[in-house]
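> need the 3D shape of this:
(one chain, ligands or ions: 1)
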Amino acid sequence: MANARQSASHGANHNGSSSGHRMAGKNAIITGAAGGIGLETTILFLREGASVLMCDISEPALERAVAIAKKAAPHMVGKVETAQCDVSKEAHVKAVCEQLDSWGGLDVMFNNAGIMHGDDADAVDTPEKIWDLTQAINVKGVWYGSKHAILSLRRHSKTCGSIINTASIVALVGSATPQLAYTASKGAVLAMTRELAIVHAREGYRFNALCPAPLNTPLLQDWLGDDKEKRLRREIHFPMGRFGEAIEQAQGVLFLASDESSFINGQDFVIDGGLTRAYVTAD
Ligand code: NAD
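Numbering: from 1, shown residues only. Purely as a prediction, here's the structure:
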């Protein structure tokens, strides 16, 4: 297992020794940029020539994250700035999109901020306020981000743009661990992204949804600890025998954001090591 994890993080190559041009000249907004997937994506975008506005609800987390990003992308040719933004508030989302007017407008919007609340449960036990909070951030946040990205692209007469919305594999397969508000919210992200992709295709604006499998986060690793049985019960479901890494999601986002994916639109872009394709039985 250690080898699989090592090879995933080798792919990250975040030592700043190489840089590219896959995002040269592009301006990007990333929401939830202080978290796992958002920060890894920020680093890749910067290293590939983009300018990035990192947005997050947490200012202290943003400060820590931007310092890490600058260190990991020392040869960046674009710029990186931060903005405190609660994606469930339209005025915040509008403001960050307008902040990019002085950069020449946005080219890429990564609507990635999302929560899975600890009190999220099944149909009987999920509190209404948790349901509403989850939809406000995970669904309305993506709507506002998509809306103001479209308005920015139009304002600057752009003929192409890429919007990537983070969903989850739980939008595709039922989760055995109840988290009904989260699951419903991610299903809405998939459906919304698909319609946006079709409605705005003739304008040159592509919309794709990212569907990550559960990731190897510090929280998860702490929770699993040394309990081998607990770990195996989860890892058995992964054909590759391991959880995914945030950098492996970021690599997919980079592709969807760049012009390399110019004919990819309206897709549920699944990065899950084959999890949703598998029929796995324990030995
Ligand atoms: P994370 O918790 O590390 O990062 C999420 C970030 O979003 C945090 O920095 C948080 O401060 C920020 N945030 C929370 N509420 C916000 C709000 N209202 N406005 C702006 N920012 C807000 O999580 P992550 O793993 O990087 O997850 C990113 C996305 O990927 C989420 O949408 C999540 O649902 C999805 N996802 C994660 C996993 C996983 O296993 N980690 C699996 C599938 C999908």
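> and L151, how far is that from K26?
Going from L151 to K26 by C-beta to C-beta, to the nearest Å gives 18 Å. Using the backbone N, CA and C atoms, a C-beta is placed for each residue, glycine as well.
> of those two, who's got more company?
Comparing L151 with K26 by neighbour count (other C-beta atoms under 10 Å), the higher total belongs to K26, at 22 against 14.
> nearest residue to the more buried one other than its sequence neighbours?
D107 (4.2 Å; C-beta to C-beta, 6 or more residues apart in numbering).
> that neighbour against A28, yeah?
Yes - counting by C-beta atoms under 8 Å, D107 touches A28, with 6.7 Å between them.
> the more surrounded of these two?
A28 (28 against 25).
> surely that one forms part of a strand?
Yes - per DSSP: H, G, I helix; E, B strand; the rest coil, A28 lies within a strand segment.
> please name the residues that touch it.
45, 50-53, 106-110, 257 (C-beta atoms under 8 Å, 6 or more residues apart in numbering).
> list the ones among those residues that fall in strands.
51-53, 108-110 (DSSP state E).
> tally of neighbours for S185?
Neighbours around S185, by other C-beta under 10 Å: 28.
> surely it meets A136?
No - under the criterion of C-beta under 8 Å, S185 makes no contact with A136, lying 9.3 Å away.
> with adjacent residues omitted, what lies nearest to the residue in the stretch 51-200 of the chain that the ligand sits nearest to?
Nearest residue of the stretch 51-200 of the chain to the ligand: G114, at 2.3 Å (C-beta to the nearest ligand atom). Ranked by C-beta to C-beta, 6+ apart and with sequence neighbours excluded, the top spatial neighbour of G114 is N138, at 4.7 Å.
> where along the stretch 101-250 of the chain do the strands fall?
Counting by DSSP state E, counting those that start in this stretch, the stretch 101-250 of the chain has strands at residues 108-111, 161-166, 205-212.
> pull the residues that contact the first one.
Defining contact as C-beta under 8 Å, 6+ apart, one finds that strand 108-111 is touched by 23, 26-31, 38, 41, 45, 50, 87, 97, 141-142, 145-146, 149, 161-166, 253, 257.
> list the contacts for the closest residue in space to G20 that isn't next to it in sequence?
If the residues on either side of it in the chain are set aside, G20 comes closest to E48, at 4.8 Å by C-beta to C-beta, 6+ apart. Residues counted as contacts of E48 (C-beta under 8 Å, 6+ apart) are 19-24, 254, 258.
> same check, this time on A257
Applying C-beta under 8 Å, 6+ apart, the residues near A257 are 23, 26, 28, 45, 50, 108, 110, 162, 164.
> next: L196.
With C-beta under 8 Å, 6+ apart, L196 has these contacts: 146, 163, 207.
> just F45 next, same as before
So F45 contacts 23, 26, 28, 30, 52, 78, 108, 254, 257 (C-beta under 8 Å, 6+ apart).
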